[in-house]
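Engineer: let's see this in three dimensions:
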Amino acid sequence: MTKLNKVLSLLILVTLAVSCGKSSNDNFTLKGSIKGLKKGVVYLQKDGDSSIVDLDSMTITGQSEFTLHTNIDEPIILYLKLFKNDGEEHYIPFFADKGVTEITTTLKSFSYDSEIKGSKQQELLEEYLGVMSKYNNRNLDIIEASFMAQQKNDSISLDSLNNLADHIIKRKYAYTIQYAMNNKDNEIAPYLALYEARNANPVYIDSIYNNLTPEVKNSLYGKKLGEVIANRNSDN
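Structural biologist: Below is the predicted model of the structure:
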């Protein structure tokens, strides 16, 4: 084989390797690293009609960095899944949009140590989850206090704590509804109505939907919210 033929063959192999990793139609890239991971498989996934769908995957053999690709039409919740053959499921959900998202985390605390840099919808989701975390921590304190009250047969304190727990639930719903209303021009609004406030008073869910901009109403989660409302109304 001549030197020129060797060079051409090498170029062809490199081109094939790149094309296998990324399609020309891909418009979304997930870059990341998992500190401490030496061996495993990472998957990029989305919700299907009845199950989780794999979009891309990469085998980790020594390196902690990975790159995954897919094509998306609009902002959507995707999942980074780690398989490390320990019998447990390890997921990081995130709000993806066209372009690049970066996720860094650790093997020890895969889900909890994750830092995500990417879409505007992800930033809005993290802001929302930050407030919800405070409510959830307060609720854990109430659960602990309720347990102590039960041990002491303190019915007065227990009733008071139960009322406080109900109040926190109402506060969480109120914040979720208001956050969705304030972000009517973002896909986070119908997403929250669907998955974080579905059990709220239907009047508030209707208000969120009616408040959406036309573009967001026509989005993936906007359409799903519209279908939920339509199905509910048809059953009444």
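
Engineer: each with direction, which strands does the strand or helix carrying G40 pair with?
Structural biologist: Using DSSP states H and E, G40 falls within strand 39-47. If you go by DSSP bridges, strand 39-47 pairs up with strand 52-61 (antiparallel), strand 76-83 (antiparallel).

Engineer: name the residues of the first one that come out as buried.
Structural biologist: Meaning strand 52-61. 55-56, 58, 60 (16 or more other CB atoms under 10 Å). Where C-beta positions appear, they are placed from N, C-alpha and C, glycine not excepted.

Engineer: hey, C-alpha coordinates of that strand in CSV?
Structural biologist: Extracted C-alpha coordinates of strand 52-61, given in CSV (Å, rounded to 0.1, in the frame of the first residue of the first chain):
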residue,chain,number,x,y,z
ILE,A,52,-37.9,5.0,28.6
VAL,A,53,-36.2,5.4,25.2
ASP,A,54,-32.5,5.3,24.7
LEU,A,55,-31.2,8.1,22.5
ASP,A,56,-27.5,7.6,22.7
SER,A,57,-24.9,5.7,24.9
MET,A,58,-21.2,5.5,25.6
THR,A,59,-19.1,3.0,27.3
ILE,A,60,-16.7,4.4,30.0
THR,A,61,-13.4,2.6,30.1
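
Engineer: what's the average pLDDT for that strand?
Structural biologist: Here strand 52-61 scores 95 as its mean pLDDT.

Engineer: likewise for the last one?
Structural biologist: Here the mean pLDDT over strand 76-83 is 97, rounded to a whole number.

Engineer: which residues sit against it?
Structural biologist: Residues from elsewhere that reach strand 76-83 (CB atoms under 8 Å, 6 or more residues apart in numbering): 30, 32, 34, 37, 40-47, 52, 55, 68, 70, 72, 89-97, 103, 110, 191, 220.

Engineer: centre of the chain to it, how far?
Structural biologist: Taking CA atoms, centre = their mean, to the nearest Å, one finds strand 76-83 lying 8 Å from the centre of the chain it belongs to.

Engineer: same check, this time on the first one
Structural biologist: Relative to its parent chain, strand 52-61 has a centroid offset of 17 Å by CA atoms, centre = their mean.

Engineer: in the helix ranked longest in the chain, what's buried?
Structural biologist: Counting residues, the longest helix in the chain under DSSP state H turns out to be helix 120-151. Neighbour counts using 16+ other CB under 10 Å place 121-122, 124-125, 128, 142, 145-146, 149 of helix 120-151 among the buried residues.

Engineer: among the residues you listed, which one sits closest to A197?
Structural biologist: Y128 (11.1 Å; CB to CB).

Engineer: appreciated, that's everything.
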